[in-house]
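Enquirer: Sequence below, structure please.
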Amino acid sequence: MWLWIVGNVLAYLSLLFPFVNMIKFMTTIGIPELRGAFALTIMGIADLLGRITTSLVGDRLPFHVIYLYCLSYVVMALSIFSLLLITSFSGMVIFVSGFGFCTGVINSLLFKACMDLFGMEILPEAWTLTDVASGLAVMVGPSIAGVTYDHTQSFRVAFYIGGGLYILATLIFLCIPRVQKRKIWNRRVYG
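Expert: Residues are numbered from 1 along each chain as shown. From the prediction side, this is the model:
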């Protein structure tokens, strides 16, 4: 369970950065605020589509849901790193579409992944810890991006941190099924 909590803290530190600081970033690459607001609207729509898609196929996956969770974080990391190269509104639309869709997938899979990993017996404890840890990370994450911008007058450091945190979280999440198999996982004993 500690791997799950740490992975979620790392991932959620970066989760809200694009929502909170994206318009400011877009103005630094020459995109007007009004178009930036439109891009965030596209991100919200893509998030909704990610949630709907996950609700339709989430229970029918031929593999453990944690792997879709990890794939989404890898795509989000690559998306964040791509911001280092994007200089146009069309590039931003591609970014917000992919990132928003994956955000929807992540948010709709969080409870299911927690339940699938830890079972109904300890779900209340696992979900409480997941929610608290993720909530604290979401509160702190955008401030980290803002502070790095204030010190460097660039979002590059924040992008490296954000993408790196997603990759690190993914590696941690990929360890969970292996640790559970290695310990001959018993949900009642190992919560």
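
Enquirer: Surely Ile42 and Val96 touch.
Expert: Yes. Between Ile42 and Val96 there is a contact under C-beta atoms under 8 Å: 5.0 Å. To be clear about C-beta, it is placed using only N, CA and C from the backbone, and glycine gets the same treatment.

Enquirer: Name the residues of the helix or strand where Val57 lies that are buried.
Expert: Assessed by DSSP states H and E, Val57 sits inside helix 33-57. The neighbour-count check on helix 33-57 (16 or more other C-beta atoms under 10 Å) flags 36, 38-40, 42-43, 46-47, 50-51, 54 as buried.

Enquirer: any weak-confidence spans in the chain?
Expert: For the chain, the stretches flagged by pLDDT under 70 are 183-191.

Enquirer: quick revisit: identify the farthest-apart pair in the buried residues of helix 33-57.
Expert: Farthest apart among these by C-beta to C-beta are Gly36 and Thr54. That separation is 26.9 Å.

Enquirer: rewinding a little: now tell me what touches the helix holding Val57 from outside.
Expert: For helix 33-57, contacts defined as C-beta atoms under 8 Å, 6 or more residues apart in numbering pick out 18-19, 22-23, 26-27, 31, 89, 92-93, 96-109.

Enquirer: May I see the PyMOL selection of the buried members of these?
Expert: To isolate the buried members of the contacts of helix 33-57 in PyMOL, using 16+ other C-beta under 10 Å:
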select buried, resi 18+19+22+23+26+31+89+92+93+96+97+98+99+100+101+102+103+104+105+106+107+108+109
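
Enquirer: So which of the contacts of helix 33-57 sit within strands?
Expert: Among the contacts of helix 33-57, none falls in strands (DSSP state E).

Enquirer: can you pull out the helices in this structure?
Expert: 2-15, 17-28, 33-57, 65-82, 89-118, 123-152, 156-182, 187-190 (DSSP state H).

Enquirer: and the angle for the third one with helix 89-118?
Expert: Put simply, helix 33-57 runs at 30 degrees to helix 89-118, going by axes from the mean of the first three to the mean of the last three C-alpha atoms, to 10 degrees.
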